[in-house]
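Undergrad: pasting the sequence and the predicted coordinates here, then a few questions.
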Amino acid sequence: MTNRPTSRRTVLECMAWAGAAAVWSFSGGVPRARLLGSPAHAEEASFSFAQISDSHIGFAKDANMDVPGTLQAAITQLGQLPHHPSMVLHTGDVSHLSKPAQFDTAAQIIGAGKFDIHYVPGEHDMLEDNGRPFIERFQAREKPGVAGGACYSFDQNGVHFIGLNNVTDLKAGGLGMIGEAQLKWLAGDLAGRADSQPIVVFAHIPLWTVYAPWGWGTEDGERALALLRRFGSVTVLNGHIHQVLQKVEGNVAFYSARSTAFPQPAPGAAPSPGPMKVDAGKLRGVLGIREVTVIAGQAALAVADATLAG
Amino acid sequence: MRARLARRTVLAAAALLLPRAVRAGDAAVAIKDFAFDPATLTVPAGTKVVWTNRDDTPHKLASNAQPPLFVSDALDSDDAWPMVFDKPGTYGYFCTLHPHMQGAVIVT
Ligand SMILES: [Cu+2]
């Protein structure tokens, strides 16, 4: 990336991390003076959390016959992350078919990690009773923004976190959908917040259109982004597409995460977005976890993806 | 009448090759590569249409009408789901997990 002749600039650094994964550190959209905080101070005020996604408990096919085993590996790896995050976001498709036994297995494996964990649903979690079983089980601690809507927000270390549900009430021929009720709630939730507060939005389906022919996008994602644009630091985390993808648009950075269960093809690279089969020895190299670090004085969060092979 | 009988015979012969869930007089739609095959199916009133998921990911059907006229179970791989269409009309439907997947049953 090159510097643009504006007061804002975007810097992309790419470096090896622990020999196994890459760290992408984006700094953008901040006045230059604020970038000059001393490293010691930044270290002191930084705060890290993690993301896992698409554990698909209940899936057992060629691509991965031991989905509980790879979720377990992911949880173990979360405990070994460099910044020891205590908070974890799960961006949905916890289960494969919303079955009580699948929810049980997931809750047991994830619960053993003793993390402070927040979930949003994937479409595979909401197959029964309008998603009630998932919401009651995995969002009991959250204060719902919309009745039955599976969205909520909370503040942690000065960062405002917003969990959205864009997997229910989908329309024929459409993409993911946030819906009027959640958008209205989101507008109210953001009203009165200072532009300088860092925002992290997490949802299952990408909020930006990655690939419409496969439904990889959110119909009304742009309406949510319009509400978020005034903020100096917005990070949008999603799952659903089982691969790492990123995009920066002004002050908004989008990151799509790997699954802990199976990979999916790059957009358009296969006849369908179905599970991709890889050699058993290569599976853990295409599954993964993510650590996100909020660094004081930097608008852009540092996002580090690691594979389960690492 | 003769033509109808002939068609029945053809369907009965085809039934030998089809999975157990689909019998003579039924019509079959396969779900394969995130698509319905055939995407548009024309059948006489009273036909039982059976969808079978041939993908290694689940799908779930719902009619386009609001509220939907029918919603299937979540279909795991190789699961089948039947629906009898008694009234003539065009029934558009989609997959609630992957809404870009669309199909129609035309009942004559
Ligand atoms: Cu589907």
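TA: Received, thanks.
Undergrad: what residues are bridge-paired with the residue nearest to residue A:142 when sequence neighbours are not counted?
TA: Leaving aside its sequence neighbours, residue A:142 sits nearest to residue A:152 (C-beta to C-beta, 6 or more residues apart in numbering or on different chains; 3.9 Å). Placement of C-beta: from N, CA and C, glycine included. Residue A:152 has these beta-bridge partners by DSSP bridges: residue A:163.
Undergrad: the closest residue to residue A:76 other than its chain neighbours in helix, strand or coil?
TA: Nearest non-adjacent residue to residue A:76, counting by C-beta to C-beta, 6+ apart: residue A:113, 8.0 Å away. Three-state call for residue A:113 (DSSP: H, G, I helix; E, B strand; the rest coil): coil.
Undergrad: coming back round to it: can you give me the distance of the residue nearest to residue A:142 to residue A:247?
TA: Distance, residue A:152 to residue A:247, using C-beta to C-beta, to the nearest Å: 25 Å.
Undergrad: residue B:53 now?
TA: Counting by C-beta to C-beta, the gap between residue B:53 and residue A:247 amounts to 33 Å.
Undergrad: which of those two has more neighbours?
TA: Neighbour count, other C-beta atoms under 10 Å in any protein chain shown: between residue B:53 and residue A:247, residue B:53 has more, with 23 against 13.
Undergrad: now do the contacts for that one.
TA: B:31, B:59, B:75-80 (C-beta atoms under 8 Å, 6 or more residues apart in numbering or on different chains).
Undergrad: pLDDT at the residue in the stretch 1-150 of chain A that chain B sits nearest to, what is it?
TA: Taking C-beta to the nearest C-beta, chain B has its nearest neighbour within the stretch 1-150 of chain A at residue A:127, 4.3 Å off. Per-residue confidence (pLDDT) for residue A:127: 96.
Undergrad: name the residues of chain B found near the ion, please.
TA: B:59, B:95, B:97-98 (C-beta under 5 Å from the ion).
Undergrad: buried ones among these?
TA: Restricting those to buried positions leaves B:59, B:95, B:97-98, with burial counted as 16 or more other C-beta atoms under 10 Å in any protein chain shown.
Undergrad: what is the nearest of those to residue A:146?
TA: Each of these was scored against residue A:146 by C-beta to C-beta, and residue B:97 proved nearest at 21.6 Å.
Undergrad: how about that closest one, nearest residue that isn't a chain neighbour?
TA: For residue B:97, ignoring the flanking residues on the chain, the nearest one in space by C-beta to C-beta, 6+ apart is residue A:123 at 4.8 Å.
Undergrad: which members of the buried ones among the residues of chain B next to the ion are positioned in strands?
TA: Counting by DSSP state E, these place residue B:95 in strands.
Undergrad: pretty sure residue A:75 contacts residue A:113?
TA: Yes: with contact defined as C-beta atoms under 8 Å, residue A:75 counts as touching residue A:113 (4.2 Å).
Undergrad: show me the shaky parts of chain B.
TA: B:1-24 (pLDDT under 70).
Undergrad: returning to that earlier point: could you dump the contacts of residue B:53 into CSV with secondary structure added?
TA: Shown next, in CSV, are these (three-state DSSP):
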residue, secondary structure
B:31, strand
B:59, strand
B:75, strand
B:76, coil
B:77, coil
B:78, coil
B:79, coil
B:80, strand
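Undergrad: so which of these wins on neighbours?
TA: Counting neighbours by other C-beta under 10 Å, residue B:31 leads the contacts of residue B:53 with 26 neighbours.
Undergrad: contact partners for that one?
TA: B:37, B:51-55, B:59, B:75, B:95, B:101.
Undergrad: any idea what it is bridged to?
TA: Beta bridges link residue B:31 to residue B:36, residue B:53 when assigned by DSSP bridges.
Undergrad: how far away is it from residue A:60?
TA: Separation of residue B:31 from residue A:60 (C-beta to C-beta): 19 Å.
Undergrad: check residue A:205 too.
TA: Relative to residue A:60, residue A:205 is positioned 24 Å away (criterion: C-beta to C-beta).
Undergrad: neighbour count for these two, which is higher?
TA: residue A:205 (30 against 14).
Undergrad: what secondary structure does the more buried one sit in?
TA: Relying on three-state DSSP, one would call residue A:205 coil.
Undergrad: ok now do the closest residue to the ion within the stretch 151-300 of chain A, which residues does it touch?
TA: Going by C-beta to the ion, the ion is nearest to residue A:215 of the stretch 151-300 of chain A, at 8.8 Å. By C-beta under 8 Å, 6+ apart, the residues touching residue A:215 are A:174-176, A:205, B:98-100.
Undergrad: do residue B:43 as well
TA: B:27, B:49, B:85, B:105-108.
Undergrad: which of those sit farthest apart?
TA: Every pair in the contacts of residue B:43 was compared (C-beta to C-beta); the two farthest apart turn out to be B:49 and B:108, at 13.2 Å.
Undergrad: now the residue nearest to residue B:39 when sequence neighbours are not counted: phi and psi?
TA: Leaving out its chain neighbours, the residue that sits closest to residue B:39 by C-beta to C-beta, 6+ apart is residue B:103, at 5.0 Å. For residue B:103, the backbone dihedrals (degrees, to the nearest 10) come out as phi -150, psi 180.
Undergrad: is residue B:103 bridged to anything, and to what?
TA: Beta-bridge partners, per DSSP bridges, of residue B:103: residue B:93.
Undergrad: then residue A:255?
TA: Those that pair with residue A:255 in a beta bridge, by DSSP bridges, are residue A:237, residue A:246.
Undergrad: can you list contacts of stretch A:187-202?
TA: A:51, A:89, A:91, A:118, A:120, A:145, A:153, A:158-164, A:207, A:224, A:227-228, A:230-238, A:292, A:294, A:299, A:301.
Undergrad: list buried residues within those residues.
TA: Buried among these by 16+ other C-beta under 10 Å: A:51, A:89, A:91, A:118, A:120, A:145, A:153, A:159-164, A:207, A:224, A:227-228, A:231-238, A:292, A:294, A:299, A:301.
Undergrad: now for the residue of the stretch 101-250 of chain A found nearest chain B: which residues touch it?
TA: Residue nearest to chain B within the stretch 101-250 of chain A: residue A:172 (3.7 Å; C-beta to the nearest C-beta). Contacts of residue A:172 were listed using C-beta under 8 Å, 6+ apart, and they are B:64, B:92-94, B:99, B:102.
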